[in-house]
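S.K.: Build the 3D model from these lines:
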Amino acid sequence: MRDFRARRVVELPVSGIRRFFDIAATMKDVISLGIGEPDFVSPAPVIKAGIESLERGETHYTSNHGILELREAVAEQIRKLYGVRYDAKTEMLITVGVSEALYLALMATLNPRDEVIVPQPCFVSYVPEVVFAGGVPVTVDSRASDGWQVRPADVERAISKRTRAILISYPSNPTGAVASRETLLEVARIARKHDLLVISDEIYDRLVYGVEHVCFASLPGMRERTVTLSGFSKDYAMTGWRIGYAAAPAPILAQMAKVHQYTIMSAPTPAQRAAIEALRSGEPFVRDMAAEYDRRRRLIVGGFNRLGLTCADPRGAFYAFPAIAASGLDENAFAERLLQEDHVAVVPGSAFGRCGAGHVRCSYATATGKIEEALRRIERFLAKLQAEPGAARAPVRRAVRG
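M.R.: Have a look, this model is predicted:
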């Protein structure tokens, strides 16, 4: 019998994140710094709006594009925050999370063998989604010494006659990097010079600490060649509601809506109502959560650096990306042994691209007490490694003061 599996799917590896979660799920007393999900419950008014929608019997499809009131509210939010104007009727689409929005953007814009430049480290789905859409991902490494911002010159060197688009994401998962306006202006110049589309995943736009988030479409000449992807999962602690959106010029948006029409129909109705309420009353909750993440950020980054696990300062999202060279292990062995021996789950940095080797991703979207205990366990783990025969590692310092 023939092998009926699609080769392009078979040849892609499974997510490098999932394996560690699956192991951790079978163990007791595990502190997970692996999952990229807010530990906060959705704000009470949001939950109430979703319940009331169900109680009103809103269990049917909406417009393929999404409830117009929600599209108008999203368009107003983008205008208010970043000064970019979108027509809610023709340039805005409500999706099942940002994952669907990315899928639609790639499916609607790529022809077979078109190349997409993907700076790494990046979220694990970017390269596979380009492949699923028939494109060819061309990865470009970024560096800890640059604060994990991609170098525009590296992007330009990667451009070929087949290049169609650049896929960027700031604030970054997994590094927490926030690209400066100067860096993004250079990327924009390159996109204009070579007539490229930019797909900008901005799902963590409100979770920045002491720096500015730059909406890529707000840069000169970029609104008409940018697809902006964002949503409610991270900023509003609404991961399970599965509500995202895409904003794009009408000709591109129309093709994205066509793919959406044939594959999804519409995003969940009660979740759309909850998202309307999030935009109406959620701002204080967003600010409070961001302030708490900032406190946790300083705790975990300070702890890693005191332990000798050098960590660039993440200025957005809720991830730290420490180097683990001081342990004497590679990132896979470090993550496996730390989980098995001291019950702390982290993700090997190479799951996010080759330049993530020698690092691990740690989410600080978990309670302060758990972060402190995780740091103590990592300290204990490093001390054990130092005591192993033949070990030649730096002395372990205390991660948590006091």
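S.K.: Can you name the residues bridging to Val360?
M.R.: According to DSSP bridges, the partner residues bridging Val360 are Pro348.
S.K.: Now do the same for it: its pLDDT.
M.R.: pLDDT recorded at Val360 is 98.
S.K.: Let me see the contact set for it.
M.R.: For Val360, the contacting residues are 321-322, 324, 331, 334-335, 346-349, taking CB atoms under 8 Å, 6 or more residues apart in numbering as the criterion. Bear in mind the C-beta positions are built from the backbone N, C-alpha and C, glycine included.
S.K.: out of these, which one sits closest to Ile264?
M.R.: Proximity of those to Ile264, judged by CB to CB, is greatest for Val347, which lies at 28.6 Å.
S.K.: Now do that closest one, the pLDDT please.
M.R.: The score at Val347 is 95. That number is its pLDDT.
S.K.: And the helices in the stretch 151-300 of the chain?
M.R.: Here the stretch 151-300 of the chain has its helices, by DSSP state H, counting those that start in this stretch, at 152-157, 181-193, 250-263, 269-281, 283-306.
S.K.: Among these, show me which one is buried the most.
M.R.: By mean neighbour count, with neighbours taken as mean count of other CB atoms under 10 Å, helix 269-281 ranks first of the helices of the stretch 151-300 of the chain at a mean of 22.
S.K.: what does it rub up against?
M.R.: Taking CB under 8 Å, 6+ apart as the criterion, the residues outside helix 269-281 that touch it are 42-43, 45-54, 58-62, 66-67, 69-70, 73-74, 77, 94, 232, 236, 238, 241-243.
S.K.: and the helices of the stretch 151-300 of the chain as JSON lines, adding distance to Gly316 and mean pLDDT?
M.R.: Formatted as JSON lines, these follow (distance: least, CB to CB, whole Å; pLDDT from 0 to 100):
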{"stretch": "helix 152-157", "distance to Gly316": "19", "mean pLDDT": "98"}
{"stretch": "helix 181-193", "distance to Gly316": "13", "mean pLDDT": "98"}
{"stretch": "helix 250-263", "distance to Gly316": "26", "mean pLDDT": "97"}
{"stretch": "helix 269-281", "distance to Gly316": "20", "mean pLDDT": "98"}
{"stretch": "helix 283-306", "distance to Gly316": "9", "mean pLDDT": "97"}
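S.K.: so which of the ones you listed gets nearest Tyr364?
M.R.: Checking the helices of the stretch 151-300 of the chain against Tyr364 by CB to CB gives helix 283-306 as the closest, at 4.2 Å.
S.K.: Show me what the closest one is packed against.
M.R.: Counting contacts by 3 or more CB pairs under 8 Å, 6 or more residues apart in numbering; DSSP states H and E, the secondary-structure elements packed against helix 283-306 are strand 319-320, helix 368-387.
S.K.: Much appreciated, bye for now.
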